[in-house]
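A.B. asks: please find the sequence and the predicted model below.
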Amino acid sequence: MLLSGDVAWETLIHAISTITSQVPGINRCVWNLGTVHPERASVLEAYVTRERLHVLRRADAIVMQALHEFDLYDDIWQCPTVLVPLSLTEEPGETVVLRPVRSQRAMTATPVELPLRLVTVLRTEILELDGVSGLTLDVTSKPPGTIEWE
């Protein structure tokens with residue numbers, strides 16, 4: 001489920017907990033980090049290609065570098081970067097999903113709130129990549145969502 005809007009972190013986490021526990025079939029929620037609320041989402045046909053892998057590697061490098069620069073790298077247990085063939089805008093391009101979590105033993109995990117300055121840097125740099133039109137943050141706890149994306 002895609003959520004969008006400017007809300008307090010605690011409100012967002014509470015809403016997601018309610019959604020994933022009470023809405024059948026919803027076990028993962030992502031929060032739109034783009035500046036515009038998407039009116040619709042379009043599934044794109046996509047295959048594993050060198051170009052897509054290059055975009056994903058570049059997005060991941062931007063995330064890892066920013067986490068180091070903001071001194072958060074060692075505080076985050078894992079932070080997968082995912083490229084999803086889903087367009088959230090009228091512009092062509094896919095969506096990058098960030099999944100920063102904290103965990104002790106991987107049996108449970110909680111999403112990490114990223115500072116607004118870091119989100120701004122990531123939004124600017126990732127949305128400038130060719131082939132990317134959306135950026136979201138996976139804010140689902142484990143359980144119900146897994147840490148990795150399948």
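C.D. replies: Thanks, I have the structure now.

A.B. asks: longest strand anywhere in this structure?
C.D. replies: In the chain, taking DSSP state E as the definition, the longest strand is strand 132-138.

A.B. asks: how far off centre is that strand?
C.D. replies: 6 Å (C-alpha atoms, centre = their mean, to the nearest Å).

A.B. asks: so where's the protein shaky on pLDDT?
C.D. replies: Regions of the chain meeting the criterion pLDDT under 70 are absent.

A.B. asks: recalculate using a threshold of 80.
C.D. replies: 150 (pLDDT under 80).

A.B. asks: break down it into its helices, ranges please.
C.D. replies: Along the chain, the segments classed as helices by DSSP state H run 9-22, 50-69, 116-127.

A.B. asks: I'd like those helices written out as JSON lines, with mean neighbour count added.
C.D. replies: Heads up, the C-betas are built off the backbone N, CA and C, glycines and all. Shown next, in JSON lines, are the helices of the chain (neighbours: other C-beta atoms under 10 Å):
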{"stretch": "helix 9-22", "mean neighbour count": "14"}
{"stretch": "helix 50-69", "mean neighbour count": "16"}
{"stretch": "helix 116-127", "mean neighbour count": "16"}
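
A.B. asks: the ones you listed: which one's closest to Cys79?
C.D. replies: Nearest of the helices of the chain to Cys79, taken as C-beta to C-beta: helix 50-69 at 6.3 Å.

A.B. asks: report all helices and strands that that closest one contacts.
C.D. replies: strand 81-84, strand 94-98, helix 116-127 (3 or more C-beta pairs under 8 Å, 6 or more residues apart in numbering; DSSP states H and E).

A.B. asks: can you put those in CSV and add distance to Ser133?
C.D. replies: CSV is the format used below for the helices and strands packed on helix 50-69 (distance: least, C-beta to C-beta, whole Å):
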stretch, distance to Ser133
strand 81-84, 11
strand 94-98, 7
helix 116-127, 7
